[in-house]
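**Q** the following block contains a protein sequence and its predicted model.
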Amino acid sequence: MLYGGIELGGTKMVCGIADEAMNIIDRFVIDTTTPNETLTKLYEYFKDKNVSSLGIASFGPVDLNKNSDTYGYITTTPKPNWNNTNVLKYFESLNVPIGFDTDVNGACLGEVMHGAGKSLSNVIYGTIGTGIGFGVYLNNELIHGLMHPETGHMLINKHELDKDFKGPCPYHENCLETLASGPSIESRYHKKAYDLYDNEDVWKLEAYYLGQAISNCITMYSPERIILGGGVMHTPGLIELVRKETLKNLNNYIKKDEIINKIDEYIVLPKLEDNAGLIGAVELGKKEL
Ligand code: ADP
Ligand code: ZN
């Protein structure tokens, strides 16, 4: 059997087909333009591929409640043209079971099943990129709840040297995303993130913010591992700084060997790298079979 997956991103859409052994045997990438143009192209790609299931991991917010009239929609996104988009409608005529979840829940599932979270039951996957989002997998399930976690918008303390900075989130003055996303770093320093590698202060501040979010996640969700991906995490040495800040914030309160002595194995980079989203999307579809 063959299984399809789509990662719906704000800038590009990645889709592909996996075989029984979960090898990606075909891959197709297009730019995200209008909903109708982009989703029609994706449907055209899948229409004669004979997949047995399809999984969609989408940027959000999305409606994940199967009893809701707007299940399968991208709902209140600020992204132009995409507000209130019925994503599932485009794929219904494939007549296969379809799984639908957030992009970060998808990537989280991919890492849990095939990557850095393998064999664990409680894992958090964070992406630090254009936006910040965290997929939360607890007791062997992806968490949805009222909507889905929006961990990237948790409020954190602003650093006193950063108090005049105004970040990109239109809703919050001091959420994680507005202070620590890639665009936020770049607007603070007027340079591309990878042109700032030599500036230690940039990454100390970044770790100051990420370390607060990670210690909050540990105290709230009690994960067995935290995986941090996304473009910003490619910065050499950043993960070490984040581990240090997290330990500083926890201040020895959680006396677990995994944290106190093995933080290098507790806060880690993804194993599937840029394939986590697609592999996770495929798994979302297989779950519906
Ligand atoms: P997206 O979130 O759009 O899917 P990414 O996860 O690659 O894509 O995030 C893009 C952001 O990550 C960019 O705005 C940039 O600030 C940052 N970024 C991308 N590549 C790197 C890199 N090699 N090193 C540091 N930061 C990067
Ligand atoms: Zn926010």
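**A** Alright, I've got the coordinates. Numbering: from 1, shown residues only. Ligands and ions are numbered 1, 2, ... in the order given.

**Q** what helix or strand is G110 on?
**A** Counting by DSSP states H and E, the element that carries G110 is helix 103-114.

**Q** close to ligand 1, is that helix?
**A** No - on the criterion C-beta under 6 Å from any ligand atom, helix 103-114 is out of touch with ligand 1, staying 8.0 Å away. Bear in mind the C-beta positions are built from the backbone N, C-alpha and C, glycine included.

**Q** I'd like the next helix or strand past that helix.
**A** The C-terminal neighbour of helix 103-114 among helices and strands, as given by DSSP H and E, is strand 123-128.

**Q** where is the longest helix in this structure?
**A** helix 200-221 (DSSP state H).

**Q** state the mean pLDDT of that one.
**A** Per-residue pLDDT over helix 200-221 has a mean of 98.

**Q** now that helix against strand 123-128, angle please.
**A** Put simply, helix 200-221 runs at 150 degrees to strand 123-128, going by axes from the mean of the first three to the mean of the last three C-alpha atoms, to 10 degrees.

**Q** neighbours around the closest residue to D162 other than its chain neighbours, how many?
**A** Nearest residue to D162, sequence neighbours excluded (C-beta to C-beta, 6 or more residues apart in numbering): L205, at 6.4 Å. Residues near L205, counting by other C-beta atoms under 10 Å, number 21.

**Q** G182 - nearest residue in space that isn't next to it in sequence?
**A** Setting aside the residues directly before and after it, G182 is nearest to V232 in space (C-beta to C-beta, 6+ apart), at 5.1 Å.

**Q** domain-wise, how is the protein divided?
**A** Domain assignment for the chain by automatic domain parsing gives 3-103+274-288, 116-269.

**Q** can you put those domains in CSV and add distance to G110?
**A** Output for the domains of the chain, formatted as CSV (distance: least, C-beta to C-beta, whole Å):
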stretch, distance to G110
domain 3-103+274-288, 3
domain 116-269, 8
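
**Q** quick one, the helix or strand following the longest helix of the chain and helix 200-221 angle?
**A** Downstream of helix 200-221, the first helix or strand assigned by DSSP H and E is strand 225-229. Here strand 225-229 runs at an angle of 140 degrees relative to helix 200-221 (the same axes, to 10 degrees).

**Q** got the CA positions of the next helix or strand after strand 225-229 in CSV?
**A** Along the chain past strand 225-229, the next helix or strand (assigned with DSSP H and E) turns out to be helix 238-250. Output of helix 238-250 as CSV, limited to C-alpha atoms (Å, rounded to 0.1, in the frame of the first residue of the first chain):
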residue,chain,number,x,y,z
LEU,A,238,22.1,27.6,20.4
ILE,A,239,20.8,24.3,21.8
GLU,A,240,23.6,24.3,24.4
LEU,A,241,22.6,27.8,25.5
VAL,A,242,18.9,26.8,25.7
ARG,A,243,19.8,23.7,27.9
LYS,A,244,21.8,26.0,30.2
GLU,A,245,19.0,28.6,30.5
THR,A,246,16.4,25.9,31.1
LEU,A,247,18.4,24.4,34.0
LYS,A,248,18.9,27.9,35.4
ASN,A,249,15.1,28.5,35.4
LEU,A,250,14.2,25.1,36.9
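
**Q** in helix 238-250, what's buried?
**A** For helix 238-250, the neighbour count (16 or more other C-beta atoms under 10 Å) marks 238-239, 241-243, 245-247, 249-250 as buried.

**Q** now do stretch 141-148
**A** If you call a residue buried by 16+ other C-beta under 10 Å, then stretch 141-148 has these buried ones: 142-144, 148.

**Q** any residue of stretch 161-177 touching ligand 2?
**A** Yes - Stretch 161-177 is in contact with ligand 2 by C-beta under 5 Å from the ion, via 169, 171-172, 175.
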